[in-house]
Structure formats: C-alpha cells, structure tokens
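Chemist: What follows is a predicted protein model with its sequence.
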Amino acid sequence: MDTTENNMVHRDLSGATSREIAEEAASALFRKKGINIRLFHVEETTVIADYYVICSARATTHAHALADEVNYRLGLCNVHAQRTEGRDGGEWLLVDLGTVLVHVFTRDAREYYNLERLLPQEGEADLTDLFEELKNKLESGEIEA
C-alpha cells in the first residue's frame with residue numbers, strides 16, 4: 001500500500017525483493033542528484049549481497065547527503081539500514097540494506113577504487129527507464145525531489 005506524507009508517495013517495501021529495494025535506493029540517489037548511478041546483480045559472485053548500487057557524489061558533503069537520503073527514503077518504505085559505514089572520512093560511504101549494499105563515493109575515490117571492475121558486467125541492470133520515469137514525475141510535479 002502507498003502512503004502519502006508531505007506530497008511524497010511511499011511504497012511499503014517490507015516484503016519486497018532485493019531488486020525492488022535496490023531500485024528504490026537508486027531512485028533516492030537520483031532524486032538527490034547522485035552521479036553515474038549503476039546497479040549490479042552480484043548474487044552469483046558474492047555471498048554478502050544480492051545487489052550493489054554504486055553512485056558518485058560531487059563532494060564529501062554530497063556523499064553524506066546521498067547516504068542520508070537512502071536511509072531516509074528506504075526507512076519511509078519500511079526498509080531500514082543495518083548500518084552505514086564511512087561517515088568519518090566521507091570518501092566512500094556504504095549503506096547496508098541487508099541484501100542490497102549502496103556504495104556512495106566521491107568522484108576521486110570511485111576512480112581510485114574502481115569497484116565496477118570487480119563486478120560482472122552482464123549483471124548490470126539498465127536503469128534508463130526508471131530514471132526517465134522519475135525525471136518525468138519530477139518535472140510534472142507528481143513527486144518532489
């Protein structure tokens with residue numbers, strides 16, 4: 001069931017699939033102006049998660065805001081982070097949503113660690129339609145950033 005609070009619609013994702021949670025996290029990053037958001041299905045390559053969401057931030061303050069937004073938006077959907085790591089440095093923040101790990105990097109840290117090189121390229125999801133739909137809803141005022 002969707003609930004509305006301050007013109008924002010929230011889905012109850014408490015029984016959602018890992019993919020639905022990952023897409024909601026990617027949506028939160030998009031709405032907060034995350035850069036180069038990518039989604040990888042990693043269930044076959046690691047036991048720690050089903051999906052990785054990877055995003056860049058303009059600066060450490062933006063990285064913190066992105067991680068906070070994921071925590072906030074997913075919390076509204078009844079999905080709560082088990083922990084958020086990296087707040088001290090802010091170059092690489094990790095939001096642990098259980099079966100989904102959200103990695104938020106500054107641009108330099110993302111380039112340095114190059115996490116994508118370790119991930120199966122065939123497991124990358126195409127988020128074009130999701131982001132196009134969000135963009136249209138934001139422009140029409142149907143949802144707020």
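Modeler: Nice, I can see it.
Chemist: How about residue 130, nearest residue that isn't a chain neighbour?
Modeler: For residue 130, ignoring the flanking residues on the chain, the nearest one in space by CB to CB, 6 or more residues apart in numbering is residue 23 at 6.0 Å. Backbone N, C-alpha and C define where each C-beta goes, glycine included.
Chemist: can you check residue 64 too?
Modeler: Per CB to CB, 6+ apart, closest to residue 64 is residue 90, 5.9 Å.
Chemist: any idea how far the one you found lies from residue 137?
Modeler: 30 Å (CB to CB, to the nearest Å).
Chemist: Could you do residue 100 as well?
Modeler: 22 Å.
Chemist: for residue 24, same thing?
Modeler: On the measure of CB to CB, residue 24 and residue 137 end up 14 Å apart.
Chemist: One more: residue 17?
Modeler: For residue 17 relative to residue 137 (CB to CB), the value is 22 Å.
Chemist: So which of residue 90 and residue 137 has more stuff around it?
Modeler: residue 90 (19 against 14; other CB atoms under 10 Å).
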